[in-house]
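1. I need the structure of the sequence given here:
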Amino acid sequence: MYRLTAKIEIAGAKIWWLDKVSEVEISRETNRLTDECRLTLPKKIKWNGAVEIPVQRGDIVKVWLGYDGNLQLAFVGYVRDVGYKTPVVITCEDEMFKLKQMPTQKKTYKSVTLETLLKEQGLAYPIKVMGEQALGQYRVTADTVASLLGHLQENGIRSFFRYENNEPVLYCGVLFERESRPSQVFATGVNIIDDRNLEQKRAENIRLRVKAISLMPDNKKIKVEVGDADGEHRTLHTYNKTESELRAWAEQEIKRLKRDGLTGSFTTFGYKLVDKLDAIGIKIDGEKKGVYLVDKNIIKYGTGGFRQEITLGQRIAE
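-> Here you go, the predicted structure:
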């Protein structure tokens, strides 16, 4: 039987190393700015005789999880809150914690791309902009960089960090194109524990209506709607597209979404951790069901074992 193992580093005024933790829950998601990690500490943990827990807001946290001493880096971030009840729960956030404290550079643009907007905020991270980049006329009024990213997200431009090659990388965009070759394949009877929340969708049975909105340089909006009148409504935002370009983009989105494939989530082991935007293959009862981008992964470690609850996003290959 595999033995669960963990290692946690908390670096502040001093560096603390913990090799025992009661529970860990980590959320990685493309639809939220911030990844979070909740650490539930053992009741009898000792801090070299200190009366109070010597962990402070802003301390750097790294979490490794695995089996039998084979550890994987699961989270890097900062302490946001330290609970006062027993057992103590420490809540951490990823690199977005820093951007929530970073003041914006107030600027006004007659026309600007998303990449230029971000770089001129003085961000020191590698930035990967995907999909539509033209913002047109734009004025930075938000107080913090995270608030600026939140405003962009309200207009359909998602932002989040992935940890790659030992450094945080800021992703920002509307549609995310990734390598279609799966990094892992998950199959029933092999490494899928529970697939009851997966559902097969057929393109001919999907009813969708897409409203696309383009914000023009003069702040006027162009709106078009395409798809099924009785379909599920989705709204997309972009910038500086003519009506014909906007309609073509919305129709392309309908075509992208109306595909055979799986939706929902499944549970697997923590053997190899999956990140958001990873491409993964799915096989159900020996039949290939396609390759999908990961929208969300909830990692849970503790008395219930070491598990991942993975939510599928866009199908990108057969």
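2. Just the pLDDT for residue 239.
-> Looking at residue 239, its pLDDT is 69.
3. Over to residue 317?
-> Residue 317 is given a pLDDT of 88.
4. Residue 180 is in contact with that one, correct?
-> Yes: using C-beta atoms under 8 Å, residue 317 is in contact with residue 180, at 4.1 Å. (Each C-beta comes from the backbone N, C-alpha and C, glycine too.)
5. what's around residue 46, how many residues?
-> Neighbours of residue 46 under the rule other C-beta atoms under 10 Å: 7.
6. who touches both of residue 317 and residue 180?
-> 279, 291 (C-beta atoms under 8 Å, 6 or more residues apart in numbering).
7. Show the secondary-structure elements that whatever helix or strand residue 74 lives in is packed against.
-> Using DSSP states H and E, residue 74 falls within strand 70-82. Here strand 70-82 touches strand 4-11, strand 23-29, strand 36-40, strand 60-67, strand 89-93, helix 96-99, going by 3 or more C-beta pairs under 8 Å, 6 or more residues apart in numbering; DSSP states H and E.
8. nearest spatial neighbour of residue 152, skipping sequence neighbours?
-> residue 159 (6.5 Å; C-beta to C-beta, 6 or more residues apart in numbering).
9. who does the helix or strand the one you found falls within pair up with?
-> Following DSSP H and E, the helix or strand that holds residue 159 is strand 158-164. Here strand 158-164 has these sheet partners by DSSP bridges: strand 167-173 (antiparallel).
10. Quick one: mean pLDDT for the partner strand?
-> Here the average pLDDT along strand 167-173 is 95.
11. List the buried residues of it.
-> Neighbour counts over strand 167-173 (16 or more other C-beta atoms under 10 Å) mark 168, 170-173 as buried.
12. Next, the angle from that strand to strand 70-82.
-> 70 degrees (axes from the mean of the first three to the mean of the last three C-alpha atoms, to 10 degrees).
13. can you list contacts of strand 167-173?
-> Contacts of strand 167-173 (C-beta under 8 Å, 6+ apart): 76, 94-95, 114, 118, 123, 125-133, 149, 152, 157-163, 277.
14. Return the biggest strand by length in the chain as CSV; C-alpha atoms alone will do.
-> Longest strand in the chain, counting residues (DSSP state E): strand 287-302. Taking Å, rounded to 0.1, in the frame of the first residue of the first chain, the C-alpha atoms of strand 287-302 are listed here in CSV:
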residue,chain,number,x,y,z
GLU,A,287,-13.0,3.5,-26.0
LYS,A,288,-11.2,6.8,-26.8
LYS,A,289,-13.3,9.8,-26.0
GLY,A,290,-10.9,12.6,-27.1
VAL,A,291,-8.3,15.0,-25.8
TYR,A,292,-9.4,17.9,-23.6
LEU,A,293,-7.9,21.0,-22.0
VAL,A,294,-8.3,21.0,-18.2
ASP,A,295,-10.5,23.8,-16.9
LYS,A,296,-10.1,23.1,-13.2
ASN,A,297,-8.4,20.7,-10.8
ILE,A,298,-9.1,20.4,-7.1
ILE,A,299,-6.3,18.5,-5.4
LYS,A,300,-7.1,16.9,-2.0
TYR,A,301,-4.6,15.2,0.3
GLY,A,302,-5.3,13.8,3.7
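15. Who are the packing partners of it?
-> Counting by 3+ C-beta pairs under 8 Å, 6+ apart, strand 287-302 packs on strand 23-29, strand 261-269, strand 279-284, strand 305-317.
16. List the strands paired with that strand, with their directions.
-> strand 23-29 (antiparallel), strand 279-284 (antiparallel), strand 305-317 (antiparallel).
17. Ok, which of these comes nearest residue 210?
-> Residue 210 lies closest, by C-beta to C-beta, to one member of those: strand 305-317, at 14.7 Å.
18. Centre of the chain to that closest one, how far?
-> Chain-centre distance of strand 305-317: 12 Å, with C-alpha atoms, centre = their mean, to the nearest Å.
19. got the angle for it vs strand 4-11?
-> Angle of strand 305-317 versus strand 4-11, following the same axes, to 10 degrees, is 90 degrees.
20. my guess is residue 279 meets residue 178, correct?
-> Yes: at 5.7 Å, residue 279 and residue 178 qualify as touching, with contact defined as C-beta under 8 Å.
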